[in-house]
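S.K.: turn this into a structure:
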Amino acid sequence: MFAEIITIGDELLIGQVIDTNSAWIGKELNKVGIEITRVTSVRDRSEEIKDAIDFSMKRVDIVLVTGGLGPTKDDITKQTLCEYFHTKLVFSEKVFENLKKILSDRIPLNKLNKSQAMVPENSTIINNKVGSAPITWFEQGQKVLVSMPGVPQEMTSAMSNEIIPRLLKKFEVEAIIHKTFTVKNYPESVLAEKLESWEDGLPEFIKLAYLPKPGMVRLRLTGRGVRKQILEDAIAEQGTKLKEILGSNLFDEYDQPIEAVIGNILRDKGLLVATAESCTGGLIASKLTSIPGCSDYYKGSIVAYSNEIKMSFLNVSSSTLETEGAVSEKTVIEMAKGAMNALKTDCAMVTSGIAGPGGGTPEKPVGTVWIAAACHDKIITLKQESDRGRELNIERACNNALLLLLKLLK
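M.R.: Take a look at the predicted model:
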């Protein structure tokens, strides 16, 4: 079963608002066997909206439209849908009562927000439980178009509580199963070459996608079109083959970020971790704290950008900084010991380097980063080299620090 998404709003096309709705919808629909084939963004222009709808309705069975349902003049989706489906707006007492309930004690009810109770006559109206704009469901033959607000919390509420259950009741969907593996120590092209024979031997109903990130590559296997048990067995078999080919470089079989994997291990082992960051500026800490429940194992961070902070808070010796420099293996080792001591933890992750674009020397060019991970008395280090631009240098160093700690923990 296939669907397309149409997002409406000038703000999306000029970069003022980032479209997070489509990513969320795609992820949730895929869980239930509905695959998104295309996402289209259009301006708040009636003819452009109708063209996009017409194109999608000819291609797929389900069209999901978000945005343009507010009370102001630039919100034209509702009227445009009436034109496309040859119907008119009528007043809905049910929507009006919901509107009064939603807006009570928050926003005065005026003629603009009262106009949101005007709905397309030949459609199924679904009340919005968290906002003022109703959801409209149109059917044309065996095809469905659903129009939802663009406000993320309103859209997610409507999709979770109303739209997905109704779609599953109306359509018979096939199983889709994803399995994601994360690989370290391989550039994407080298990994693809190593896996060429294995990839060529995949069953026809299993597809492979390469999803590179700085310092790692995720491999996603997607199976569809046959019974769920057959898919699960076939993907498990391919996972076993992958392990035989890649060995310890295949370190994760779950579609979750590495910081979540590390968090689970730390929690299971009863270990605490701290971070001491120079060139990454707190990015490792940010990744760790993005995981709910991280307070079980994460104590805190010292962003030691200057040598003074490295000495004062992490007990890095002045002689090390003078003879080896801040960007050195000895410095990150001392930083790791200092972080565990200062923050009273069992483990630590540390970075110190030259992110760029300036600051490099012939001996230590831009892109050089020393990274350390420590657990109790064990410390391992990595020298990251090559300049890929400031943002990628930082992101890569952060991921490499996480990979180092994962290696120690496992």
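
S.K.: CA atoms for contacts and neighbours, from now on please.
M.R.: Noted.

S.K.: ok, now which ones touch residue 333?
M.R.: 372, 379, 381 (C-alpha atoms under 8 Å, 6 or more residues apart in numbering).

S.K.: one more pass at 10 Å, please.
M.R.: For residue 333, the contact set (C-alpha atoms under 10 Å, 6 or more residues apart in numbering) comprises 316, 339, 349-351, 370-374, 379-381.

S.K.: do residue 292 as well
M.R.: 260, 263.

S.K.: lowest-confidence helix or strand of this structure?
M.R.: Using mean pLDDT, DSSP states H and E, helix 111-114 stands out as the lowest-scoring helix or strand of the chain, at a mean of 70.

S.K.: quick check: buried residues in stretch 347-364?
M.R.: Residues of stretch 347-364 classed as buried: 347-356, 364 (neighbour count, 16 or more other C-alpha atoms under 10 Å).

S.K.: burial check on the nearest residue to residue 282 once chain neighbours are set aside, number of neighbours?
M.R.: Excluding its sequence neighbours, the residue lying closest to residue 282 (C-alpha to C-alpha, 6 or more residues apart in numbering) is residue 303, at 6.1 Å. Using other C-alpha atoms under 10 Å, residue 303 is surrounded by 21 other residues.

S.K.: what bridges to residue 2?
M.R.: Beta-bridge partners recorded for residue 2 (DSSP bridges): residue 35.

S.K.: what's near enough to touch it?
M.R.: 29-30, 33-38, 59-63, 173.

S.K.: run the last query once more with 8 Å
M.R.: Residue 2 touches 34-37, 60-62, counting by C-alpha under 8 Å, 6+ apart.

S.K.: where exactly do the helices run in the stretch 201-350 of the chain?
M.R.: 228-246, 258-269, 283-289, 307-314, 318-323, 329-343 (DSSP state H, counting those that start in this stretch).

S.K.: quick check on the contacts of residue 2: which are buried?
M.R.: By 16+ other C-alpha under 10 Å, the contacts of residue 2 give 34-36, 60-62 as buried.

S.K.: how near is residue 256 to residue 284?
M.R.: Distance of residue 256 to residue 284, computed by C-alpha to C-alpha, to the nearest Å: 16 Å.

S.K.: quick one: which of those two has more around it?
M.R.: residue 284 (26 against 12).

S.K.: I figured that one hits residue 274, correct?
M.R.: No - taking contacts as C-alpha atoms under 8 Å, residue 284 lies outside contact range of residue 274: 9.8 Å.

S.K.: can you list the weak-confidence ranges in the stretch 151-300 of the chain?
M.R.: Residue ranges of the stretch 151-300 of the chain with pLDDT under 70: 252-254.

S.K.: can you do 80?
M.R.: 225-226, 251-255 (pLDDT under 80).

S.K.: now the strands for it?
M.R.: Under the criterion DSSP state E, counting those that start in this stretch, the stretch 151-300 of the chain contains strands at 176-184, 206-213, 216-224, 250-252, 273-277, 298-303.

S.K.: among those strands, which is nearest residue 150?
M.R.: strand 176-184 (27.0 Å; C-alpha to C-alpha).

S.K.: the closest one packs against which elements?
M.R.: helix 21-31, strand 216-224, helix 228-246, strand 250-252 (3 or more C-alpha pairs under 8 Å, 6 or more residues apart in numbering; DSSP states H and E).

S.K.: next, the buried residues of that strand.
M.R.: 176-184.

S.K.: parallel or antiparallel, list what pairs with it.
M.R.: Strand pairing for strand 176-184, using DSSP bridges, gives strand 216-224 (antiparallel), strand 250-252 (antiparallel).

S.K.: of all the ones you listed, which one comes closest to residue 391?
M.R.: Across the strands paired with strand 176-184, closest to residue 391 is strand 216-224 (C-alpha to C-alpha), at 15.9 Å.
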